[in-house]
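>>> give me a model of this one.
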Amino acid sequence: MTRWRPPAPHAAPYITAAGFRALESEARALWERRHDVVRHLAAAAAEGDRSENAEYQYRKKELREIDRRIGYLQRRMPRLKVVSERPEDRSRVFFGAEVELEDDDGALRRFRIVGSDEAAPAVGAISLDSPVARRLLGRALDDEVELEGLGPMVVIAIDYPDPCA
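Predicted coordinates:
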């Protein structure tokens with residue numbers, strides 16, 4: 001018997017124009033890849049006994065994964081709101097901001113607040129829904145913010161790169 005869990009909250013529907021273009025590109029590439037996989041799957045199915053056909057089983061699994069991702073993109077992309085303008089008040093942290101923080105030791109950290117579909121923490125692009133981004137939203141220059149795991153930090157720079165680039 002499984003344990004019931006409440007559904008996860010929906011991710012914020014915001015995305016940058018560059019992030020949306022990347023999702024469109026991914027969707028096109030997946031459709032092209034799907035055509036190749038279907039062709040290989042048909043060839044593997046023509047070989048006979050499918051129960052012991054590793055190529056057939058591998059291609060079926062690959063097709064399932066591609067279809068799952070395509071389905072997700074087809075449901076998600078129409079709901080996304082592309083943010084293509086910078087906010088009027090650029091002295092505060094909002095969606096799309098690049099924020100530079102400094103800790104007590106002088107170490108610098110840089111984050112860019114983006115949509116959940118384009119988040120890449122390894123390069124400093126954090127989701128709008130992340131705890132760090134939620135703590136940063138609305139902050140101004142020289143504001144101190146307490147970040148979990150990082151301690152107290154001070155906002156030393158706020159920049160809004162071109163959202164359409």
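
>>> neighbouring strands - and their directions - for the helix or strand encompassing Glu146?
Using DSSP states H and E, Glu146 sits in strand 144-147. Pairing partners of strand 144-147, with direction, according to DSSP bridges: strand 151-159 (antiparallel).

>>> I'd like the mean pLDDT over the partner strand, please.
Computed over strand 151-159, the mean pLDDT rounds to 93.

>>> give me the buried positions along it.
Applying a neighbour-count criterion of 16 or more other C-beta atoms under 10 Å, the buried positions in strand 151-159 are Met153, Val155, Ile158. Bear in mind the C-beta positions are built from the backbone N, C-alpha and C, glycine included.

>>> likewise for stretch 138-152?
By 16+ other C-beta under 10 Å, the buried positions in stretch 138-152 come out as Arg139, Val145, Leu147.

>>> repeat for stretch 50-68
Tyr56, Arg59, Lys60, Glu62, Leu63, Ile66.

>>> and that stretch, how far out from the chain's middle?
Put simply, stretch 50-68 sits 27 Å off its chain's centre (C-alpha atoms, centre = their mean, to the nearest Å).

>>> that stretch - what's its average pLDDT?
92.

>>> gap between Ala8 and Ala46?
Shown here: Ala8 relative to Ala46, a distance of 42 Å by C-beta to C-beta, to the nearest Å.

>>> one more: Ala12?
Distance of Ala12 to Ala46, given as C-beta to C-beta: 47 Å.

>>> neighbour-wise, which of those two wins?
Comparing Ala12 with Ala46 by other C-beta atoms under 10 Å, the one with more neighbours is Ala12, at 16 against 8.

>>> show me what the helix or strand containing Ile66 is packed against.
Element membership of Ile66 [criterion: DSSP H and E] is helix 54-76. Under the contact definition 3 or more C-beta pairs under 8 Å, 6 or more residues apart in numbering; DSSP states H and E, helix 54-76 sits against helix 17-45.
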